[in-house]
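Colleague: Have a look at this fold, sequence not included:
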């Protein structure tokens, strides 16, 4: 026999209460794990759109959302002329709604855009992109949910287009989106002569700082950032990350309250038993360790169960048709480890007061309780 | 006939209390009023008195389960004042037997007997033989791996006796150890208690209101209204 046996015995005695405590933590872990996985996946997909075989992004300084950024063609040419730049490609973002689908992302791209080269063309001709008026290319999922194939008419927003191709990419946003020739997109979104962002491929990646300084000096209303810098600093990403952690931690708080409740009951219903242990020589610290041990066992069992539930949740979300492939969760061991760590801390916090109470039980008085 | 071991007053007191006061309910109920008592190694002492006389409280303070409002408790001449010292006393020196067996439900008989060893940080392997010997001596070894709920009242009290002795305590404190048993079982448990304490060369302080049990001990201390009124 050891301390763990005493811990397990008590948890087994009150199976329902233990199960409720485990479920509370499991739901917290599942919520945290799945929300963070989905948000990180979404951020990863958006980063993938921005950084496609390029090192830097140029966009309008001080915009909170890249959809509102506007970079003139005149400045695009200036960027292309800079000595550090190998290539500069414009990208225009737009959002439209179609019947039954409130948000469809549109990408206005130039014909030479490399993302069209790396995509798998399920239908259509890569070389024809942008050459035939009124033709657009659909992502594979967009083709499914818009129910439009090669050569068929499709309504995007207020206009009808002909499907000139269907491509499959590894990016959920792109797969669920629409690729329009840049000119077509500019006309539709009434943004003649501008792009949302310019993706830059440098001749030498070591020239990033020099390029950034040159942009700041010559086109001060624009800002150039390396991809990693952008990922860290983009306010939308920050908001998403903060929201996901907040949601996850709030779920944990609820789970923690469940554990605290379980442990309070666990102590109160066996004050006499804890006094017996003290009469046998258990120190207050040893008694507290039993309470903390119970809490940690509940929390860790909840964490393991929660990771399983969270994993199942993201797999299900990934395959739900109405999510249109926008959910491509990133399952990372660091998030799982963080969830387990937070579960352990939550359990310890939930057991702190009950353990303190147990330490202070007056043995002689408690032994008189029936 | 139970024969108690002879008291040896030439040895130093294993435990002594001086000027012990204890009250409850913010001083309204005075349980102990200036008690002095010295118990020497190897003695068997009966604290005898009516219910509410203060004998259990005295026993609890002697064993470190409770602390006095005033007065000193000394073990082997060293004062016992802090909670840490009382925990060490319970762990290393004292074995308690209560009126109710106070075993932990859902643990087996063996596991209940291992609880004091666990408190002392000893590995169960170290005390395996010791537990088996004690259970053999008290006639319940055949129930060693049964949950204690399955034991009879007498068997549970014998189990409590084994648990109290497992760490080889020098001082055994028994608070009405036969109070919850019928006469036959009570007599059997009392005999086992006296025999085992003698075999272990331990000191026994027994609280009882049963005069016949008290007279079977080597020394009789009468407690009334929180005071020692007779010590022989």
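Modeller: Structure received. Everything numeric here is computed off the predicted structure, so don't read it as measured data. Residues are numbered from 1 along each chain as shown, chains lettered A, B, ... in the order given.
Colleague: Excluding chain neighbours, what is closest to residue A:215?
Modeller: In space, and not counting its chain neighbours, residue A:215 is closest to residue A:224: 4.2 Å by Cβ to Cβ, 6 or more residues apart in numbering or on different chains. (Glycine included, C-beta is placed from N, CA and C.)
Colleague: Which parts of the chain are strands?
Modeller: By default, I'm working from chain A. Taking DSSP state E to define them, one finds strands in chain A at A:56-60, A:71-72, A:85-98, A:101-109, A:120-124, A:135-139, A:153-156, A:159-168, A:178-181, A:194-195, A:197-202, A:222-226.
Colleague: um, chain B though
Modeller: Using DSSP E, strands in chain B cover B:13-24, B:29-40, B:44-48, B:70-75, B:78-79, B:94-97, B:171-175, B:203-208, B:219-224, B:227-231.
Colleague: Going by neighbour count, list what's buried in the fourth one.
Modeller: Spelled out, that is strand B:70-75. B:71, B:73-75 (16 or more other Cβ atoms under 10 Å in any protein chain shown).
Colleague: could the strands of chain A be laid out in JSON lines, adding mean pLDDT?
Modeller: Formatted as JSON lines, the strands of chain A follow (pLDDT from 0 to 100):
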{"stretch": "strand A:56-60", "mean pLDDT": "91"}
{"stretch": "strand A:71-72", "mean pLDDT": "94"}
{"stretch": "strand A:85-98", "mean pLDDT": "90"}
{"stretch": "strand A:101-109", "mean pLDDT": "87"}
{"stretch": "strand A:120-124", "mean pLDDT": "93"}
{"stretch": "strand A:135-139", "mean pLDDT": "94"}
{"stretch": "strand A:153-156", "mean pLDDT": "90"}
{"stretch": "strand A:159-168", "mean pLDDT": "93"}
{"stretch": "strand A:178-181", "mean pLDDT": "94"}
{"stretch": "strand A:194-195", "mean pLDDT": "94"}
{"stretch": "strand A:197-202", "mean pLDDT": "92"}
{"stretch": "strand A:222-226", "mean pLDDT": "90"}
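Colleague: Rebuild those as CSV, extending it with mean neighbour count.
Modeller: As requested, the strands of chain A are arranged in CSV below (neighbours: other Cβ atoms under 10 Å in any protein chain shown):
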stretch, mean neighbour count
strand A:56-60, 24
strand A:71-72, 20
strand A:85-98, 19
strand A:101-109, 19
strand A:120-124, 15
strand A:135-139, 26
strand A:153-156, 16
strand A:159-168, 19
strand A:178-181, 25
strand A:194-195, 23
strand A:197-202, 22
strand A:222-226, 21
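Colleague: Ramachandran coordinates for residue A:193?
Modeller: For residue A:193, the backbone dihedrals (degrees, to the nearest 10) come out as phi 80, psi 10.
Colleague: residues touching it, list them.
Modeller: With Cβ atoms under 8 Å, 6 or more residues apart in numbering or on different chains as the criterion, the residues that contact residue A:193 are A:72-73, A:186.
Colleague: Which member of those residues is positioned nearest chain B?
Modeller: Nearest to chain B, judged by Cβ to the nearest Cβ, of the contacts of residue A:193 is residue A:186 at 75.4 Å.
Colleague: how much space is there between that closest one and residue B:92?
Modeller: Counting by Cβ to Cβ, to the nearest Å, the gap from residue A:186 to residue B:92 is 87 Å.
Colleague: out of those two, which sits in the more crowded spot?
Modeller: Taking neighbours as other Cβ atoms under 10 Å in any protein chain shown, residue A:186 and residue B:92 compare with residue A:186 leading, 20 against 16.
Colleague: Return the distance of the more buried one relative to residue B:149.
Modeller: Going from residue A:186 to residue B:149 by Cβ to Cβ gives 82 Å.
Colleague: Next: residue A:24.
Modeller: Counting by Cβ to Cβ, the gap from residue A:24 to residue B:149 is 31 Å.
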